[in-house]
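Starting from these lines, generate the structure:
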Amino acid sequence: MSLALYTVPDAAGLGALGASFIEVLVRDRADAVLGLATGSSPLPVYRALAEHELDLSRLRAFALDEYVGLPAGSNQSYAAVIDREVTRPLGLDPDCVAVPDGSAEDPAEAAEAFERRLESAGGVDLQLLGIGHNGHLAFNEPGSPLDSRTRVQRLSETTRRANARFFPSIGEVPQFCITQGLGTIRRAKHLLLLVRGGEKSGILKRALTGPVGVDCPASILQLHPRVTVISDEAAASGLQGLEEALLPPV
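Reported below is the predicted structural model:
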């Protein structure tokens, strides 16, 4: 594993630094493939990127996951979130932004179709990631195979409770999703993990320094040749004493 850890004071710092990685990617290759994460951690990155004077119209983007069973156009769907927070603010071509079809009649076939589309694009150049309280990456819950591909996944009650704030009640949070698998995520050329908040400090330390295994899906970061972590100070508090081993490369 080649890992670089950057610690920033707040969300603004995380957003500015995260956006700089995307800017470098796009200036090098205008039609690069960016992997999009949802949730609260990457939002500062998208908002900081919107302030950059970049032509992103040729950028291709793939979402990590989507709920299964929400009606097409639902405001709670990740397709809607990406449209609001990424596609329109950044001027991306909607035809170049792919999200798994969670409203499909056959979600398993929709998952396979998404995987094929991702492969035909040549794979992800830079994949943005967040980490769940139970160590999930995308919607890969504990127990997910380390070589899994895009598939239908049942959401744990922990994840459903964490996401209930986006729905009128926990009963309306879908029980299933389509998610890129851990094997799919590992094929990205560069993984950029964004972590905010002291409640994530324990799981971040476990992911980066604990044993690799299905109990902590994010531990697969240790198997990847290029990982960058941008963490606020609260989330990085559990890594004290490890900074020298995780310094950015010169």
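
I'd say Met202 and Gly238 touch.
Actually, residue 202 is Gly. It isn't Met. Yes. Applying Cβ atoms under 8 Å, one finds Gly202 in contact with Gly238, separated by 5.7 Å. Where C-beta positions appear, they are placed from N, C-alpha and C, glycine not excepted.

Report the next helix or strand after the worst-scoring helix or strand of the chain on mean pLDDT in sequence order.
With mean pLDDT, DSSP states H and E as the measure, the helix or strand of the chain carrying the lowest mean pLDDT is helix 157-163 (a mean of 90). Heading C-terminal from helix 157-163, the first helix or strand you meet, by DSSP states H and E, is strand 176-179.

where's the least confident helix or strand of the chain relative to the chain centroid, distance-wise?
17 Å (Cα atoms, centre = their mean, to the nearest Å).

just stretch 165-185 next, same as before
The chain centre lies 13 Å from the centre of stretch 165-185; the measure is Cα atoms, centre = their mean.

Can you give me the first-to-last residue distance of that stretch?
26 Å (Cα to Cα, to the nearest Å).

Leaving out sequence neighbours, find the closest residue to Asn140.
Pro217 (4.5 Å; Cβ to Cβ, 6 or more residues apart in numbering).

The one you found and Phe139, how far apart?
As judged by Cβ to Cβ, to the nearest Å, Pro217 and Phe139 stand 10 Å apart.

Could you tell me the end-to-end distance of stretch 24-42?
Length of stretch 24-42, first residue to last, Cα to Cα: 17 Å.

that older thread, okay, now the residue nearest to Asn140: neighbour count?
Using other Cβ atoms under 10 Å, Pro217 has 28 other residues around it.

and what of the one 10 residues further on?
Applying other Cβ under 10 Å, we find 22 other residues in the vicinity of Val227.

do His190 as well
Neighbours of His190 under the rule other Cβ under 10 Å: 17.

That one and Leu128 touch, don't they?
No. At 10.0 Å, His190 does not count as touching Leu128 under the criterion of Cβ under 8 Å.

wait, doesn't Val33 sit right on Ser120?
No. Using Cβ under 8 Å, Val33 is not in contact with Ser120; the gap is 10.8 Å.

which one of those two has more residues nearby?
Val33 (22 against 8).

Over to that one: give its phi and psi.
phi -110, psi 120 (degrees, to the nearest 10).

pLDDT value on it, please?
Note on Val33: pLDDT of 98.

In contact with it, which residues?
Neighbouring residues of Val33 by Cβ atoms under 8 Å, 6 or more residues apart in numbering: Arg60, Ala61, Phe62, Ala121, Gly122, Gly123, Val124, Asp125, Leu126.

same question, Leu137
Shown in contact with Leu137 (Cβ under 8 Å, 6+ apart): Leu129, Ile131, Leu182, Ile185, Pro217, Ala218, Ile220.

any idea how far it is from Thr184?
10 Å.

same check, this time on Ser169
In terms of Cβ to Cβ, Ser169 sits 32 Å off from Thr184.

swap in Ala48?
27 Å.

Could you confirm Leu34 falls within a strand?
Yes. Under DSSP: H, G, I helix; E, B strand; the rest coil, Leu34 sits within a strand.

Correct me if wrong: it contacts Gly123.
No. Counting by Cβ under 8 Å, Leu34 does not reach Gly123; the two are 11.6 Å apart.
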